[in-house]
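A.B. asks: Requesting a structural model of the entry that follows:
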Amino acid sequence: MDFDAVITGDRRIVARFGEWPEELHDTLLARIRALTSELEARVRALAPSRTDKLKEEIISKVFDDPEKIKGLVTLEGGLPGSEYAKAAALEYGAPGRGGAFKVRAYRRTIQQAFGRDISPTSIDVSAYSRIANIDAHLYLRGGLAGTEADAVTQLQAVIDQSTKAFNDDA
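C.D. replies: From the prediction side, this is the model:
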């Protein structure tokens with residue numbers, strides 16, 4: 001039986017077989033679901049949490065195809081491009097090298113000025129350019145860091161147990 005366990009894209013665990021013995025498939029699928037769930041929990045724990053909005057957008061999926069089982073932890077697929085850009089800036093950093101971006105004009109209500117409370121006042125803030133200077137905060141890649149060997153060991157143990165059970169029955 002041909003087996004290949006691969007950690008790819010910093011977030012995927014892929015297991016491939018030439019053929020799927022049913023008991024092996026079911027046991028392996030359960031183990032990959034558990035590993036993917038554990039990875040999602042680690043990624044959520046590492047995600048920046050100023051507003052917790054990013055944590056809400058982290059999802060996990062398990063794909064059960066005829067030739068492979070794949071676990072994936074990523075961001076929700078239907079987000080606007082600006083949300084992906086923010087998430088990427090947090091994951092990879094934005095060092096500010098020519099990274100000026102435009103901020104649209106907006107209205108803001110203030111209740112404090114010069115350290116004193118004032119009655120709520122609405123003010124208009126004009127559009128401006130800003131240079132991002134964000135340090136990388138590895139939440140997606142950081143969740144997987146150091147766990148690859150353990151994941152492969154667990155998958156190999158599932159295969160070894162299933163192979164032993166299959167050989168004992170034969």
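A.B. asks: ok, and what's touching the longest strand anywhere in the chain?
C.D. replies: Ordering each strand of the chain by length in residues (DSSP state E) puts strand 116-125 first. For strand 116-125, contacts defined as C-beta atoms under 8 Å, 6 or more residues apart in numbering pick out 105-112. Yep, even glycine has a C-beta here, placed from its N, CA and C like the rest.
A.B. asks: ok, it: who's next to it in the sheet?
C.D. replies: Take DSSP bridges as the rule and strand 116-125 pairs in its sheet with strand 106-113 (antiparallel).
A.B. asks: what sits up against the partner strand?
C.D. replies: Strand 106-113 has contacts (C-beta under 8 Å, 6+ apart) with 117-125.
A.B. asks: Now compare these and name the two farthest from each other.
C.D. replies: 117 and 124 (21.4 Å; C-beta to C-beta).
A.B. asks: Who's the closest spatial neighbour of residue 57, skipping the chain neighbours?
C.D. replies: For residue 57, the nearest residue in space outside its immediate sequence neighbours is residue 76; the separation is 4.6 Å by C-beta to C-beta, 6 or more residues apart in numbering.
A.B. asks: The one you found and residue 59 touch, don't they?
C.D. replies: Yes. Applying C-beta atoms under 8 Å as the test, residue 76 and residue 59 come out as touching, 5.5 Å apart.
A.B. asks: still on that earlier bit, possible to save the contacts of strand 116-125 as CSV with neighbour count?
C.D. replies: Listed next are the contacts of strand 116-125 as CSV, based on neighbours: other C-beta atoms under 10 Å:
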residue, neighbour count
105, 9
106, 10
107, 8
108, 9
109, 8
110, 11
111, 9
112, 9
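A.B. asks: For residue 149, state which of those residues is nearest.
C.D. replies: The nearest member of the contacts of strand 116-125 to residue 149, counting by C-beta to C-beta, is residue 106 at 48.0 Å.
A.B. asks: so the closest one bridges to which residues?
C.D. replies: Using DSSP bridges, the bridge partners assigned to residue 106 are residue 125.
A.B. asks: how close does it sit to residue 85?
C.D. replies: Distance of residue 106 to residue 85, given as C-beta to C-beta, to the nearest Å: 18 Å.
A.B. asks: ditto for residue 157
C.D. replies: 40 Å.
A.B. asks: likewise residue 60?
C.D. replies: As judged by C-beta to C-beta, residue 60 and residue 85 stand 22 Å apart.
A.B. asks: neighbour-wise, which of those two wins?
C.D. replies: Set side by side, residue 60 and residue 85 give different neighbour counts by other C-beta atoms under 10 Å, the larger being at residue 60 (19 against 14).
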